[in-house]
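*Asks:* Whatever this is, show me its structure:
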Amino acid sequence: MLSSAKIKLINSLRFKKYRDRYGLFVIEGDKLVGEFLESGKPVKILLALDKWIEKTDKTLVSSAEEIIKVNERELVKVSQHKTPQNALALVHIEKYSPDKLSVSRTLSIALDNIQDPGNLGTIIRIAAWFGIDNILCSHGTVDLYNPKTVQSSMGALLHVKVCYTDLAVLIPQLREMGTSIYAATLDGEPVQNIEKTDTGLLLFGNESRGISGELIPYVTNRIIIPSFRKALPGIDSLNVAMSAAIVCYEFRRNRRIK
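*Replies:* Down below sits the predicted model:
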């Protein structure tokens, strides 16, 4: 039985202050819930229809701290989807600190004040696809556990470490360690023309304002994705997630798949 207290708790997690207070966030959908259970990540509460529980590996289901069987009407009360699937779960939030040594030795992404949760989720998915393990976010970047971020990341949260930090402090430290900083700007060198490495930090700025002025002095390489025609009304730039996908591909395309 799904109590009114549980309904109130789950619905409160739509808001960051309650996610921070309880240290929990919501995942929805058969595939996403199944992936989290398979990963061994701690799941606090699993809500699911009988038919989903019956067809799912019993060992995985039993790994949840609490299991609540619900009906479709109850699931609608807590779902953020117009058409809920068969399962929903409350998962413990994991927080990471930046690992400067790991970042300096690999290819990583930094996000400066990204505001759209869909963009953040898509970039997390892009990072996972291209084998990038670390994403460094400024404190002004949208919350990782925003429901739209979680949904658009499509389970990539399981494979990428996302941490929030003061980029104005961290990036100078990385420069001192010899890390190259590649910034996506409007006045850079075409990305296909620059020499690529297996290490470095790919820096992407706010959707409308770009990269903060305090970070620009630490950029070693300004890069741009060139357009193949003159700018047209409404088509004067690429979405930040699109840019991230193209830049990541350019850095990875001549590298051997591990």
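*Asks:* can you give me the strands in the stretch 101-250 of the chain?
*Replies:* Taking DSSP state E, counting those that start in this stretch as the criterion, the stretch 101-250 of the chain carries its strands at 107-111, 134-138, 161-165, 181-190, 200-204, 221-224.
*Asks:* Now do the fifth one: everything it contacts.
*Replies:* Contacts with strand 200-204, where a contact means C-beta atoms under 8 Å, 6 or more residues apart in numbering, come from 103, 107-112, 114, 123, 136, 171, 174, 179-184, 211, 215, 219, 240, 243-244, 247-248, 251. No exception for glycine: its C-beta is placed from N, CA and C like everyone else's.
*Asks:* Now do the contacts for the nearest residue to Arg14 once chain neighbours are set aside.
*Replies:* Nearest residue to Arg14, sequence neighbours excluded (C-beta to C-beta, 6 or more residues apart in numbering): Pro147, at 6.2 Å. Applying C-beta under 8 Å, 6+ apart to Pro147 gives the contacts 14, 25-26, 80, 117.
*Asks:* How about Arg209?
*Replies:* Asn113.
*Asks:* So which other helices or strands are in contact with the helix or strand encompassing Leu9?
*Replies:* Using DSSP states H and E, Leu9 sits in helix 4-12. Counting contacts by 3 or more C-beta pairs under 8 Å, 6 or more residues apart in numbering; DSSP states H and E, helix 4-12 packs against helix 16-22, helix 72-78, strand 87-92.
*Asks:* repeat that with 7 Å
*Replies:* helix 72-78 (3 or more C-beta pairs under 7 Å, 6 or more residues apart in numbering; DSSP states H and E).
*Asks:* Need the pLDDT of the residue lying closest to Asn11 once chain neighbours are set aside.
*Replies:* Among residues not flanking Asn11 along the chain, Val78 sits closest, at 6.2 Å (C-beta to C-beta, 6+ apart). As predicted, Val78 sits at a pLDDT of 96.
*Asks:* and the gap between Val78 and Leu49?
*Replies:* 13 Å (C-beta to C-beta, to the nearest Å).
*Asks:* Name the nearest residue to the residue nearest the centre of the chain, ignoring sequence neighbours.
*Replies:* Geometric centre of the chain, nearest residue: Ile124, 3.6 Å, by C-alpha atoms, centre = their mean. For Ile124, ignoring the flanking residues on the chain, the nearest one in space by C-beta to C-beta, 6+ apart is Ser153 at 4.3 Å.
*Asks:* Could you double-check that that neighbour sits in contact with Ile123?
*Replies:* No - here Ser153 lies out of contact with Ile123, judged by C-beta atoms under 7 Å, at a distance of 8.6 Å.
*Asks:* So for the two, which sits in the more crowded spot?
*Replies:* Ile123 (29 against 26; other C-beta atoms under 10 Å).
*Asks:* Going along the chain, name the helices of the stretch 151-258 of the chain.
*Replies:* 167-176, 240-252 (DSSP state H, counting those that start in this stretch).
*Asks:* Could you pull up the mean pLDDT of the longest one?
*Replies:* Read it as helix 240-252. Computed over helix 240-252, the average pLDDT equals 96.
*Asks:* just to revisit the earlier point, would you mind measuring from the residue nearest to Asn11 to Ser4?
*Replies:* Applying C-beta to C-beta, the value for Val78 to Ser4 is 11 Å.
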